[in-house]
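**Student:** 3D model of this:
(2 chains)
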Protein chains: 2
Amino acid sequence: MAHLKAESEHGAEMSTDVVVVGAGISGLTAAYRLLQTDPTLGVIVLEGKERVGGRTVATQLKSASGQDTWDLGGQWVGSTQRHVMGLLKELGLDVYPQYTHGTKVCQLGGAHAKIGTYSSNIPSLSLLALVDLQLFMWKIDRLCQTVPAANPAACPLAAQLDSMTMETFKQQNLWTQAAKDALDVACKNNFGLECSQVSCLYYLSYAAAAGGFLPLVEASVGSAQEFKVKGGAFQLSSLLAKRIGHSKIILGDAVTHITQTDDGVELRTASHRKLSCQRVIVTCPTHLAAKIHYEPALPADRERLTQNMPMGHLIKFIVTYPTAFWREAGYSGEIVCNGGGGSPLSVTYDATTSRGNAALVGFIAGSQAGHWTVKTLEERREAVIKSLVKFLGEKAAGYLEYAEKDWSREPYSTGCPVNVMVPGMITYYHSALRRPFHRRGA
Amino acid sequence: MAHLKAESEHGAEMSTDVVVVGAGISGLTAAYRLLQTDPTLGVIVLEGKERVGGRTVATQLKSASGQDTWDLGGQWVGSTQRHVMGLLKELGLDVYPQYTHGTKVCQLGGAHAKIGTYSSNIPSLSLLALVDLQLFMWKIDRLCQTVPAANPAACPLAAQLDSMTMETFKQQNLWTQAAKDALDVACKNNFGLECSQVSCLYYLSYAAAAGGFLPLVEASVGSAQEFKVKGGAFQLSSLLAKRIGHSKIILGDAVTHITQTDDGVELRTASHRKLSCQRVIVTCPTHLAAKIHYEPALPADRERLTQNMPMGHLIKFIVTYPTAFWREAGYSGEIVCNGGGGSPLSVTYDATTSRGNAALVGFIAGSQAGHWTVKTLEERREAVIKSLVKFLGEKAAGYLEYAEKDWSREPYSTGCPVNVMVPGMITYYHSALRRPFHRRGA
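**Tutor:** From the prediction side, this is the model:
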């Protein structure tokens, strides 16, 4: 049970059983599950941001029926993601399928590639590129079956696959530029990073966890983009916070020091708050966990792992419309692009809400995000709308509202969607990822 | 000029012209050069450690003539390193050549490889492995000539070379296990990391800066291990600190916040000291610079670069002896090993001082350091001495003193020798490395 020596004032000392660092979905779920196990347990969640939700956040935008809610952060779930699907059900949240009917549009195969359309799961490429891509996906899926998602270091080819980048694997296994471009787009949308910046084994372990390559990248039944949450995925966090109890969540105060002794743990925060407890669960992204000062110091393997998992770069945008004009024209709203003609788009999807308010959602990802992050919001908006017009027709210019979030600029996130592992991380340090430190035996 | 509102007490506010973050050789040199340019300039150096010197540090050990001084950190300099050679001269420090005469010993080519001896610069390998290695070194040196050290992104093959690990390049260009092992040892001694953990382009840019592959890895005329500093390389730091003036250097207080406004910069430290100034020079290792909170936030490319340059892992040891028995037996003291027979050694050299006190210096590097860091000092010492006996004979057991430094455990270093770049860093973020942020135009 939490004992507040001086009620949550700055500089005050608090004592509790467990402190959870980070009020994103992981941190909130950890606190919630602890309290389910033992409602008398003292649990405090500490969060640097002024809000809960981490890399999920909601926004209200103009729509045909007035205001409606969209996610400017994580939004999709899939039926193979058992944990989050169970949590949604438990919290009374419903899902609805991602709209995927109709023609998709792509521009892949180099700067001057033609715009193509397709209806299957795979972009419309030349026959040669299609065969190339299909053989590649089969190879990935065969390899995925040898990669245990929870322990990729146990893959028989781990040493070889972790010592190369996904770019090397791509160059060794793909032959057509269009198929290479398709993989580039998939990688930058999955990780916010380019194929050259990700360990091949890490990519495979991520795909293995999703059930294979296509389930990771596409928006169909069983995929990671299968469903959206009615009312927005951000509700996961707001409802969890409500169940935990807002008095147990301290916002706007990042943990700066974690000191373990034989008797317990002492934490200090940016505003000089002191907390003592028996256990700490650090749930923030690894590159932010690296900013915390640990005493005793983290083990060398954990320290290296924590320091060296780059966070990707995504700029997410939502454009609302009076009607889903693309559906009327036979388009699904899906566009796949790799910078062709100077377009900032990496991918877009239909983002029409469960209430029927029309919108498109899209990402500027990886190196494209690096290029566009230094422009003004107006320049990005203009370029995005111009691209949407190019791919979907003139009606794309008649939008109601444009909203965006450059996750690299978000304090206590500074990137999106995930921290990845670079080559050599899994081989030498992965075993430190889940291993508790110091007070595990206490 | 520095204005101390309340003389250097904790919590006190200080005002100066320039604050230098870090009292390693870079930070001290920056402060020293600034004061040379304008002795009236207010300069404060802030350092997290309780000492100056960064990754250089001296130790006193038992020797034939009583106590003598050895470096447990950086120790070698070379004639192609113009800046540090100039600085040594300026500070009145002398150098003496690394002892390299006589037979060298190596055990490369797999776990059960035989111990070989050689007298040239290249380990004694089979003829096939020697040809393999020589062709490889020529290829590296040809490539190095296309890599501008200050701007490796301008290399014509930059995109290709930065999208692969050094391990991929090794597998594509070396064919014999012994030659591959030789490169592995070179990489882990240069960077404290394995070939799989380093961008090929970064490796080439590092070799290019050294003048080629052999100058980077060997200990001969013109190489990076050409000379040692009489009395120890640590004196660089202690003499710089003296010239700067100890009153201008604040130890044991790490910078935690750097806030830039239109009028100046405000810094906060771990012990709540506040400093205001006009300019800040951050000289600490990038992974520690990543722990500082910047306001406004660093540009996205700089943020990613700062967060994702892994620091290597070296454990350095010095073993002192009554006499340089290996010289008498015709050995140079150089041993090159890659874990064969469970040896912790990566490389050793003669470390006899300019006063003639005999010693060997060696490194446990990269993944070997990761393995040995969790053992006790006694276990490491026993394994090191056992290996030295195996390679150099029974007399190696008769040491005077064994000292070591596991740089991964050193606060405000947490690794050694350098931060490296992983694949995709140079391509997308290198231009942020030297670019001043925010107050550049002020």
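**Student:** how far out from the middle of the chain is stretch A:228-238?
**Tutor:** Chain-centre distance of stretch A:228-238: 15 Å, with C-alpha atoms, centre = their mean, to the nearest Å.
**Student:** List of residues touching it?
**Tutor:** Applying C-beta atoms under 8 Å, 6 or more residues apart in numbering or on different chains, the contact partners of stretch A:228-238 are A:23-25, A:28, A:52-54, A:56-58, A:69-71, A:73-77, A:84, A:87-88, A:91, A:93-98, A:354. Every C-beta, even on glycine, is put in place using the N, C-alpha and C of the backbone.
**Student:** Derive a ChimeraX selection command for the buried subset of these.
**Tutor:** This is the ChimeraX syntax for the buried subset of the contacts of stretch A:228-238, where burial follows 16 or more other C-beta atoms under 10 Å in any protein chain shown:
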select /A:23,24,25,28,52,53,54,56,57,58,69,70,71,73,74,75,76,77,84,87,88,91,93,95,98
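**Student:** Next step: the contacts of stretch A:228-238 restricted to strands.
**Tutor:** Judged by DSSP state E, strands contain the following of these: A:Ala58, A:Thr69, A:Trp70, A:Asp71, A:Trp76, A:Val77, A:Val95, A:Tyr96, A:Pro97.
**Student:** show me the contacts for the fourth one.
**Tutor:** Counting by C-beta under 8 Å, 6+ apart, A:Asp71 touches A:Thr56, A:Val57, A:Ala58, A:Thr59, A:Lys228, A:Val229, A:Gly232, A:Ala233, A:Phe234.
**Student:** any chance of these in CSV, with pLDDT and distance to A:Pro344 too?
**Tutor:** Shown next, in CSV, are those (pLDDT from 0 to 100; distance: C-beta to C-beta, whole Å):
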residue, pLDDT, distance to A:Pro344
A:Thr56, 97, 23
A:Val57, 97, 21
A:Ala58, 96, 23
A:Thr59, 97, 20
A:Lys228, 96, 23
A:Val229, 97, 27
A:Gly232, 97, 24
A:Ala233, 97, 24
A:Phe234, 97, 25
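**Student:** which one among those residues gets closest to chain B?
**Tutor:** Closest approach to chain B among the contacts of A:Asp71 (C-beta to the nearest C-beta): A:Val57, at 17.5 Å.
**Student:** That closest one contacts A:Thr69, correct?
**Tutor:** No. Here A:Val57 lies out of contact with A:Thr69, judged by C-beta atoms under 8 Å, at a distance of 10.8 Å.
**Student:** Contact residues of the stretch 301-442 of chain A facing chain B?
**Tutor:** A:301, A:303-304, A:307-308, A:310-311, A:313, A:367, A:369-370, A:373-374, A:408-409, A:411, A:414-415, A:422-425, A:427-429 (C-beta under 8 Å from any C-beta of the partner chain).
**Student:** whoops, I mixed them up, the stretch 101-250 of chain A
**Tutor:** Where the stretch 101-250 of chain A comes near chain B, counting by C-beta under 8 Å from any C-beta, the residues are A:Asp162, A:Ser163, A:Met164, A:Thr165, A:Glu167, A:Thr168, A:Gln171, A:Leu193, A:Glu194, A:Cys195, A:Ser196, A:Gln197.
**Student:** Name the SS class of the residue lying closest to A:Pro123 once chain neighbours are set aside, please.
**Tutor:** Leaving aside its chain neighbours, A:Pro123 sits nearest to A:Cys106 (4.1 Å; criterion: C-beta to C-beta, 6 or more residues apart in numbering or on different chains). Following DSSP: H, G, I helix; E, B strand; the rest coil, the label given to A:Cys106 is strand.
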